Each structure stands twice: as C-alpha cells, then as structure tokens.
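[1] okay, sequence plus prediction incoming.
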Amino acid sequence: MTVTVQSATTSAVYRPRPLAGRGGLGHGAIAWLVAAADFVMLVAANAAGFVLYEQISFSLTADPIGYIGIGLLVAMSFVLAMHSAHAYRPDAILRRRHQMRLISLLIPGVFGFLLTVLFFLKLGATFSRGSIGASLLLSFVGLIGLRLLWPAFLPYAMARGAFGRRRILLICSATAHVTAFEERAVAHGMIVVEVLRLPQDEELCQSALDFTLTASRKRVDEIIMVWGEPDLAGLQGYLWQMRRSPLPVSVAFDGFIGTIVSANPRAIGGLTAFQSQRPPLSLCESAIKRLFDISFSATCLLALSPMMLAVAVAIKLDSPGPVLFRQVRKGYGGRPFRIVKFRSMTVLEDGPEVRQATRGDDRITRVGAFIRSTSLDELPQFWNVLRGDMSVVGPRPHALAHDDYFDTQIGEYVFRRHVRPGLTGWAQINKCRGETPDIEKMEERVHHDLWYINNWSLWLDVKIILRTVFQLHDLRAAY
C-alpha cells in the first residue's frame, strides 16, 4: 500500500523526529546500579554497625573483616527480596512511597532471618544484640537515604543521556499537545523519535496504521498511544491492527478517562475498579495528621519567634494600623474561623466584597510587598494550625466572598472542605500560587486540591512541606 504523508495544512498524519543516539549504559543498567548501591551500602553498614558498637560500648577496636560475612548475608537476602518484588525496575525506583514500604517490611524480615541463622548455628553469643541493632539502624538509614537520592539523581542522569533511552513512537490525536509528554518521557529514560497523529477520516487512519507498522521496525523500541476520545470501540480497532507489530504497545488515557484510570485501582468481583473519590480520613489517619500538625506548628512557632517579632516591628514602623490581619474563612466542613496573617496592605477587607491583590497593587505596603513575596505574612497561621482551624498541608482557604462566588461556578469546589485548609498545599507547589484572575485558573487549583485529598499520606505532606521551602525563592507568582 502506498502511504501519503500529508502536509501540515491538511490532516497531518505523521511528523518525524530526529533520531537520537542510544548512548550511555543502557536503560536496564539502572536496576543494576541501584541494586549494587544497596548491596555495597548494606555490607558497609553492617560492618560499621558491629565495629562502632564494640568501640563505643567496650572501647574495643574490632577488625571489620570478621563482620563482612554478616553484611554479605544481609545484603544478598535484601537484594534478592527486592528483585523478587520487581522493586529495581526504573519506574518502581522512582515510586518513593512504594520503596519506603518495601524497605520497612524487608529490612526487619532480613534481620529476623539473620537472627534465626545465628541461633541455629549457635553463634548467638558471638554477636551481641546491641551490635545487631546498630547494624539494623545504619542499614535502614542508609537505604532511606539512597531512596531520597534516586528520584533526584536518576531523572537528571537520564535526561542527559547517561543511560540509553528507549525510543518511543507516539500515536495521538491531531490536536494533542505532546511537549509535556516528551519532557516527562525524557525524565523516565525515553525519547519520542516519531509522532503519528490520527486524523478523523477512517481511510486515512487505515493508511496511517500501515505506516506505523513500517516505522515501528526502524529502531523504535515501544509504541505508546494517547487516547482521549470516548469512542473505545475505535481504540479497540487500532489495538487489533497493531497486533501485526512485534513491538510492545501501551495505551495512556487523556481527558476524563485519564482522570478515572489514574485513581487507585481495586480488585472487586474479578474486575478492576478505580477509586475516583477516596473516603474521608480514618480515625487513625486523622490522628496521625493532627499529631504531626501540632508538633510541627509548635516547633515552628518557637523556632521562628525572633523572625516573627522582627516582621511585626517592621510592619508597625512602616505604616499605621494593626500588625495582624484577621479574616473569616471557611474551614473543615464549611465551618468558619478567623485566619491570622501579618498585615501587608493598607486595607483590612473582610466582607461580602474582597478584591484580590494584583501585581502593582497600590494597597500593598512596602514591607507588605516583601513579606507577601517571601510568604512571611503566612507565619502567624501556625497559630491557626495549633488551634485546629487549619493543617500545615491542605487546600488554601479563600475569603468568604471568593468562596461564595466559586461555589456557584465550579461544581467540585466545595469538596475542598473535606479536609482542613492548609498553610501550603499540592496546588501551591505546582505553580497554582497567587492570584486567580479567571475561572480556568481556579479550576486548575481545585484539580490539584482534589488530587491531594484523594491521595493523602503523611509522606505526601512531608514532601509538600520540603518542596514549599525550596520554592520560596520563586517570587514570580506571589505579590
């Protein structure tokens, strides 16, 4: 069959990409690198644990060579267990929460196996419980440290070609934006070398698929189809025709279907169900989040009190008016509370009409401009967190006037109140900070807030806090 590649002025079917080299170690080398790092670290941690314990407890200088055998046993058992759980696959390595759970489960199990071996070999008297405990602690800390390193190092290394990249043929609609996909693919060791756009005409689609099957044999490692249409029968037809290709084929859903399948999967009655809305936090989860909020906010109030005092003095000297600004906001379940902030403007609006601050707003004072851009005006809200009105992490609360407006414009807006509002949130670290001049901007913020509510975990809260601290230098969105 003769395939016609149409011009961009018509229904463009195919857009070739320049071929990229497969230089580097090969994408599969990532698993070997991570496994080797775990192995070496565990051997070193076990030897160090035994030696340090004897040095500190008994002032004895032990030869670490004698304990390397124990380290080899622990390292071999752990690496084999992680390999059996498919935890060294490149995509699994970047799933930090999954890695943390596996480590928390496997490390105690490996050391339990070690104690069992020592007991049956009657070597329990040779190795003290204190030295084994020290080795366990060092091993756990070392593995956690590596898991914090890999998500930062591996995307950086893959993006620069340190590892060979899988060459991807991307199939998508004629209007799909592929730039964001290409950037994420590079971070996961892939590179899009060809893009096939599917026109609406059935006959053209037939020709396009024939061309796809030809192109897939030209140094392409995998085919990925991005499907955003509600017509799943059409998708089934495409997948059926692509069975003629020996390459692996993956489907990524966009739009509403993509939102559904990105939720947590569950097996129910032999079917796979996707939990599009999680239940409220359980009693245990609520207690954990509240204990974290209390301890974190109390620590911050004590540690930052000198800075807060300096800000208060600067506000008082800069302009007339109170140091603190209080405004009624809606909290958990829609219950009202008074949020506390450092005053940054010459007005104290708290009524049915509240005008958002804009860039160059003449109501903002000189000190106010600085503390707003650096988020120092939010520090008194740790008192709201300590009182239980707010959480450290959660959807940002808005003025009542804005709540009443967006409640009528965005159907899912009210669902943000299923958790306590927060000092910072998932939306804020994803560039949804500052002014919301239109409905589209607020809908984007609500989308991130709902994702946070449906995917809450304590580790996610810690991640958001850390990213918030590192993003405080970005003054472009806050004014």
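    Alright, I've got the coordinates.
[2] what does stretch 409-422 rub up against?
    280-281, 329-334, 388-397, 403, 406-407, 439, 442-443, 446, 449-450, 453, 456 (C-beta atoms under 8 Å, 6 or more residues apart in numbering). C-beta: built from backbone N, CA, C; applies to glycine.
[3] just the buried ones from the residues you listed?
    281, 329-332, 389-397, 403, 406, 442-443, 446, 449-450, 453, 456 (16 or more other C-beta atoms under 10 Å).
[4] next, give phi and psi for the closest residue to Q275 other than its chain neighbours.
    Leaving aside its sequence neighbours, Q275 sits nearest to N264 (C-beta to C-beta, 6 or more residues apart in numbering; 4.7 Å). Note on N264: its backbone torsions stand at phi -70, psi 130 [degrees, to the nearest 10].
[5] same question, V393
    phi -120, psi 130.
[6] helices or strands up against the strand or helix carrying A312?
    According to DSSP states H and E, A312 maps onto helix 305-318. Applying 3 or more C-beta pairs under 8 Å, 6 or more residues apart in numbering; DSSP states H and E, one finds that helix 305-318 contacts strand 336-342, helix 366-373.
[7] what is the last one packed up against?
    The reference is to helix 366-373. Using 3+ C-beta pairs under 8 Å, 6+ apart, helix 366-373 sits against helix 305-318.
[8] tell me the buried residues in the helix or strand just after the helix holding A312?
    Counting by DSSP H and E, the next helix or strand C-terminal to helix 305-318 is strand 324-330. For strand 324-330, the neighbour count (16+ other C-beta under 10 Å) marks F325, Q327, R329, K330 as buried.
[9] phi and psi next, for the residue lying closest to R372 once chain neighbours are set aside.
    Excluding its sequence neighbours, the residue lying closest to R372 (C-beta to C-beta, 6+ apart) is S344, at 5.0 Å. When read as degrees, to the nearest 10, the backbone of S344 gives phi -120, psi 0.
[10] what about S344, distance to P108?
    50 Å (C-beta to C-beta, to the nearest Å).
[11] looking at those two, which has the bigger crowd around it?
    S344 (23 against 12; other C-beta atoms under 10 Å).
[12] and the residue nearest to E285 when sequence neighbours are not counted, what are its phi and psi?
    Leaving aside its sequence neighbours, E285 sits nearest to W456 (C-beta to C-beta, 6+ apart; 7.4 Å). The phi/psi pair for W456 (degrees, to the nearest 10) reads phi -60, psi 140.
[13] residues in contact with W456?
    With C-beta under 8 Å, 6+ apart, W456 has these contacts: R278, L281, E285, K289, V419.
[14] need those in TSV (columns: distance to V43 and secondary structure).
    Shown next, in TSV, are the contacts of W456 (distance: C-beta to C-beta, whole Å; DSSP: H, G, I helix; E, B strand; the rest coil):
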residue	distance to V43	secondary structure
R278	41	coil
L281	41	coil
E285	37	helix
K289	38	helix
V419	44	coil
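[15] of the residues you listed, which is the most crowded?
    Neighbour-wise, these (other C-beta under 10 Å) top out at V419, 23 neighbours.
[16] quick check: that residue vs M390, distance?
    V419 is 10 Å from M390, where distance means C-beta to C-beta.
[17] for the stretch 151-300 of the chain, which segments are assigned as helices?
    Ranges of helices in the stretch 151-300 of the chain, per DSSP state H, counting those that start in this stretch, are 179-187, 202-215, 232-241, 255-261, 283-303.
[18] least reliable of those helices by average pLDDT, please.
    For the helices of the stretch 151-300 of the chain, mean pLDDT drops lowest on helix 202-215, to a mean of 56.
[19] follow-up on the earlier one: the residue nearest to Q275 touches A273, doesn't it?
    No. In this structure, N264 is not within contact of A273 by C-beta atoms under 8 Å, at 9.4 Å.
[20] what angle separates the helix holding A312 from strand 324-330?
    Going by axes from the mean of the first three to the mean of the last three C-alpha atoms, to 10 degrees, helix 305-318 is angled at 110 degrees with respect to strand 324-330.
[21] how far off centre is helix 305-318?
    35 Å (C-alpha atoms, centre = their mean, to the nearest Å).
[22] could I get the average pLDDT for it?
    Computed over helix 305-318, the average pLDDT equals 90.
[23] which residues are contacting it?
    V323, F342, R343, S344, T365, R366, V367, G368, I371, L376, L379, P380.
[24] how about stretch 97-112?
    With C-beta under 8 Å, 6+ apart, stretch 97-112 has contacts from 74, 77-78, 81-82, 85, 87, 92-93, 132, 135-136, 139-140, 143-144, 147, 457, 459-460.
[25] and if we set it to 7 Å?
    74, 77-78, 81-82, 85, 87, 92-93, 132, 136, 139-140, 143-144, 147, 457, 459 (C-beta atoms under 7 Å, 6 or more residues apart in numbering).
[26] out of those, which end up buried?
    74, 77-78, 81-82, 87, 92-93, 132, 136, 139-140, 143-144, 147.
[27] low-scoring stretches of this protein, by residue?
    Residue ranges of the chain with pLDDT under 70: 1-28, 54-66, 118-129, 158-165, 186-189, 199-218, 349-360, 434-437, 472-479.
[28] can you name the two of the contacts of W456 that sit furthest apart?
    R278 and K289 (14.0 Å; C-beta to C-beta).
[29] from what I can see L73 touches L115, true?
    No. L73 is beyond contact range of L115, at 11.4 Å (criterion: C-beta atoms under 7 Å).
[30] if we can go back for a sec, would you show me how to pick out the buried ones of the contacts of helix 305-318 in PyMOL?
    Restricted to buried positions by 16+ other C-beta under 10 Å, the PyMOL selection for these reads:
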select buried, resi 342+343+344+365+367+368+371+376+379+380
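[31] out of the contacts of helix 305-318, who's nearest T424?
    Once C-beta to C-beta is applied, the member of the contacts of helix 305-318 that ends up nearest T424 is L379, at 11.9 Å.
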